[in-house]
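following is a predicted model, sequence given first.
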Amino acid sequence: AQKITQTQPGMFVQEKEAVTLDCTYDTSDQSYGLFWYKQPSSGEMIFLIYQGSYDEQNATEGRYSLNFQKARKSANLVISASQLGDSAMYFCAMREAFMNYGGSQGNLIFGKGTKLSVKP
Amino acid sequence: DTGVSQNPRHKITKRGQNVTFRCDPISEHNRLYWYRQTLGQGPEFLTYFQNEAQLEKSRLLSDRFSAERPKGSFSTLEIQRTEQGDSAMYLCASSLGAGNEQFFGPGTRLTVL
C-alpha cells in the first residue's frame, strides 16, 4: 500500500536560516507525483512544490526546493532563508498511480505533517 | 476571489442531526475532491468527481455520507445522523485533470456535540 512518512512531529528553525523537512514514501508504482503543502493555523492547504517521479532535476519554487532521492524514496523539502510567516504545518503528499489512459483517481495520500516554528 | 470556496466555515451540530457542506471549485477545474482531516493527522481522501460523475469513494465514506456534483460545478457533502466521530475539518480541492496540483478550499470545521 502507498504510504507517506514524516518522522519529525515538530521542528524549530532560526529566522533567516535554512531548514529541511523529511519525507519518505512507499509505492510500487513507477509513475507517481510528490507534493508539499503548507497549512497555516487558518486551516487552508497551500500548494508549495511538486516533483514527478520521472523528473530528473529537483524541483524548485522560490525559497522552496525538493531534494528528491528516488532510490531512497525520499522527497525532503528545503526552505531557505526562513521567515516568521513560514511557521505552519507542512504536509508531504503522494498522488496515487497516474495511469496513461487517464483513468487515474489522482487523489493525494498525505503524511501526518511536521509543525515548523520559526524563531525570531 | 477565484480560488476554491467552502461554506459554511464552521458548523456545530448535535449528534443525530444531518449537515450539508458546499464546495465551489475553481471554475475551469473538472476534478473535485473531498478530504477529511482530524486533529494531528493529514487529510484523508473521501471521494472525488470528474465533472458530474462520482468516480471513487473511500472506505471512510460510510453510507451516512453522500456527495453530489450536479452539472459538474459546485459540490455538496451531506452527513446524515451525525456522530461525534464525524467531528473533523472537511476539505475540498479541485484540479484541472488528475495529474495537476490540487487547490484546496479553507475547509469546513464540523463539531458534533
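Yep, that arrived.

for A:Glu17, which non-adjacent residue is spatially closest?
The shortest distance from A:Glu17 to any non-neighbouring residue, by Cβ to Cβ, 6 or more residues apart in numbering or on different chains, is to A:Ser82 (5.7 Å). C-beta coordinates here come from the backbone N, C-alpha and C atoms, glycine included.

next up, the contacts around the one you found.
When contacts are counted by Cβ atoms under 8 Å, 6 or more residues apart in numbering or on different chains, A:Ser82 touches A:13-19, A:118.

measure how buried the nearest residue to A:Gln30 once chain neighbours are set aside is and give me the count.
Nearest residue to A:Gln30, sequence neighbours excluded (Cβ to Cβ, 6+ apart): A:Ser53, at 6.8 Å. Residue crowding around A:Ser53 was assessed by other Cβ atoms under 10 Å in any protein chain shown; the count is 18.

ok so, going back, which one of the contacts of A:Ser82 sits closest to B:Gln54?
Closest approach between the contacts of A:Ser82 and B:Gln54, by Cβ to Cβ: A:Val19, at 39.9 Å.

any idea which element the residue nearest to that closest one when sequence neighbours are not counted lies in?
Nearest residue to A:Val19, sequence neighbours excluded (Cβ to Cβ, 6+ apart): A:Val13, at 4.0 Å. Using DSSP states H and E, A:Val13 falls within strand A:10-14.

what helices and strands are in contact with the lowest-mean-pLDDT helix or strand in chain B?
Scoring the helices and strands of chain B by mean pLDDT, DSSP states H and E places strand B:53-57 at the bottom, with a mean of 88. Contacts defined by 3 or more Cβ pairs under 8 Å, 6 or more residues apart in numbering or on different chains; DSSP states H and E place strand B:53-57 against strand B:44-50.

the strand it packs on near chain A anywhere?
Yes. Strand B:44-50 lies within reach of chain A by Cβ under 8 Å from any Cβ of the partner chain, at B:44-45, B:48.

would you turn those residues into CSV with pLDDT?
Shown next, in CSV, are the residues of strand B:44-50 next to chain A (pLDDT from 0 to 100):
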residue, pLDDT
B:Glu44, 94
B:Phe45, 92
B:Tyr48, 91
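
quick check, nearest of those to chain A?
The closest of the residues of strand B:44-50 next to chain A to chain A turns out to be B:Phe45 (Cβ to the nearest Cβ; 4.2 Å).

that closest one: neighbour count?
Residues lying near B:Phe45 (other Cβ under 10 Å) number 22.

one more: A:Phe12?
11.

who does residue 19 form a beta bridge with?
Just so you know, I chose chain A. With DSSP bridges applied, A:Val19 shows beta-bridge pairing to A:Ile79.

chain B is the one I meant
Applying DSSP bridges, one finds that B:Val19 bridges with B:Ile79.

that one: what's it in contact with?
B:Val19 sits next to B:11, B:13, B:78-79, B:82, B:110 when contact means Cβ under 8 Å, 6+ apart.

for chain A, see how far away it is.
The span separating B:Val19 from chain A equals 18 Å under the rule Cβ to the nearest Cβ, to the nearest Å.

picking up where we left off before, what's the angle between the least confident helix or strand of chain B and strand B:44-50?
Strand B:53-57 and strand B:44-50 are oriented at 160 degrees to each other (axes from the mean of the first three to the mean of the last three Cα atoms, to 10 degrees).
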